[in-house]
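Student: here's my sequence, what's the structure:
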Amino acid sequence: MPNPKVSFLTVNYRQAAVTLDLIKSLEQLTYSNWECVVVDNACEDPELEEALKGRPKIKYLASAENLGFAGGNNLGVPLCEGEYIFLVNNDTEVPADFLEPIINFVVDKPELGALSPMIRYFDSPSTIQFAGSTEMNKVTIRNSGIGDGEEDKGQYSMSYPIPFCHGAAMLVPRKVIEKVGLMREDYFLYYEELDWCERIRQAGYTNWYFGKSYLLHKESVSTGQNSPLKVYYLTRNRLLFARRNYSFGTRLINYLYFTFIALPKNLLSFSLKGELGQAKSFWRGYKYNLTHKASDSADRY
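Tutor: Numbering: from 1, shown residues only. So this is what the prediction gives:
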């Protein structure tokens, strides 16, 4: 079988134990030609670095500040030696036979831009989180993950082109990165991989879902379920994505939808639930797009 080198790339942020669980699962892989680059965002203690010493397939890189998902991954790309770079969230774990089917698939696809395998929930391993994605709704600036919440009965074991891959597990050939460039770092969290996938498609490549391999995802370990941080970046970056990728007419529709539907609906919903921090974050994410140009470097939360 083909044996190109694969560079896993993962970003840690104050989750050393979670990241080490990922590393331990990678070390059980039956595919031998791999390495893993670990970028430690806002590194504050030596726990992770010490635990990774003496592991020949692991490279560790500390960042003094939290660069976010895109910035952390971009920092690690120059250390990757593989023909394929596989972005994986630190809160994922892989089965031992994870990689061989993927490599057999991608080596015969020179037009492949990015690929995501099936993703299942770690706490419910037979439940699907991601089996592909739909196109973006150009009014709401949302898309959907195919298969989310369904029991895996083999119904998504095939592979097919998709518009957007999932940032929790996303393989990109090195040649594609060299042509398209790295992710835009100012998204910081959320929509950065969607923007990247859109740019990859615009460069003439095809993104794929691969249904013959899966990994397990501990959803939202770093940001928390529906935290103010998550609400802010999802809101801000939805509009930022549209402003960078859509025509003037579509952007106008986006603003009308947000102003008269999404904004009042979410502010009311969060307030009724007593989630005032989330309400404030939604407003801040919306307001950002009224006061900054799309080309501006985005503010941190």
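
Student: which residue sits farthest out from the middle of this protein?
Tutor: Among the C-alpha atoms of the chain, the one most distant from their mean position (C-alpha atoms, centre = their mean) is that of L272, at 31.0 Å.

Student: and it, how far from K265?
Tutor: 11 Å (C-beta to C-beta, to the nearest Å). No exception for glycine: its C-beta is placed from N, CA and C like everyone else's.

Student: low-confidence stretches in the stretch 201-301 of the chain?
Tutor: Per-residue confidence for the stretch 201-301 of the chain (pLDDT under 70) gives these ranges: 220-225, 296-301.

Student: go with 90
Tutor: Of all residues in the stretch 201-301 of the chain, those with pLDDT under 90 make up the ranges 219-226, 293-301.

Student: can you tell me which residues contact the residue lying closest to L61 once chain neighbours are set aside?
Tutor: The shortest distance from L61 to any non-neighbouring residue, by C-beta to C-beta, 6 or more residues apart in numbering, is to V39 (5.1 Å). With contacts defined as C-beta atoms under 8 Å, 6 or more residues apart in numbering, V39 is in contact with L9, T10, V11, N12, L61, A62, S63, L67, G72, N73, L75, G76.

Student: nearest to A294, of the residues you listed?
Tutor: L67 (20.8 Å; C-beta to C-beta).

Student: quick check: the closest one touching L61?
Tutor: No. If you go by C-beta atoms under 8 Å, L67 and L61 don't touch, sitting 10.9 Å apart.

Student: tell me which stretches of the stretch 151-300 of the chain form helices.
Tutor: The residue ranges that make up the helices of the stretch 151-300 of the chain, judged by DSSP state H, counting those that start in this stretch, are 174-180, 192-202, 228-245, 248-257, 263-272, 276-291.

Student: which helices and strands sit right next to the shortest one?
Tutor: I take that to be helix 174-180. strand 84-88, strand 112-121, helix 192-202 (3 or more C-beta pairs under 8 Å, 6 or more residues apart in numbering; DSSP states H and E).

Student: quick one: which of these is nearest R142?
Tutor: When the helices and strands packed on helix 174-180 are ranked by proximity to R142, the top entry is helix 192-202, at 10.2 Å, counting by C-beta to C-beta.

Student: which strand in the protein runs the most residues?
Tutor: Identified as the longest strand of the chain according to DSSP state E is strand 206-217.

Student: buried stuff in that strand?
Tutor: Using 16 or more other C-beta atoms under 10 Å as the burial criterion, the residues of strand 206-217 that qualify are N207, W208, Y209, F210, G211, S213, Y214, L215, L216, H217.

Student: what do you get for stretch 267-274?
Tutor: Across stretch 267-274, burial judged by 16+ other C-beta under 10 Å covers L267, F270.

Student: quick one: residues in contact with it.
Tutor: Identification of contacts with stretch 267-274 by C-beta under 8 Å, 6+ apart yields V231, L276, Q278, A279, F282, W283.
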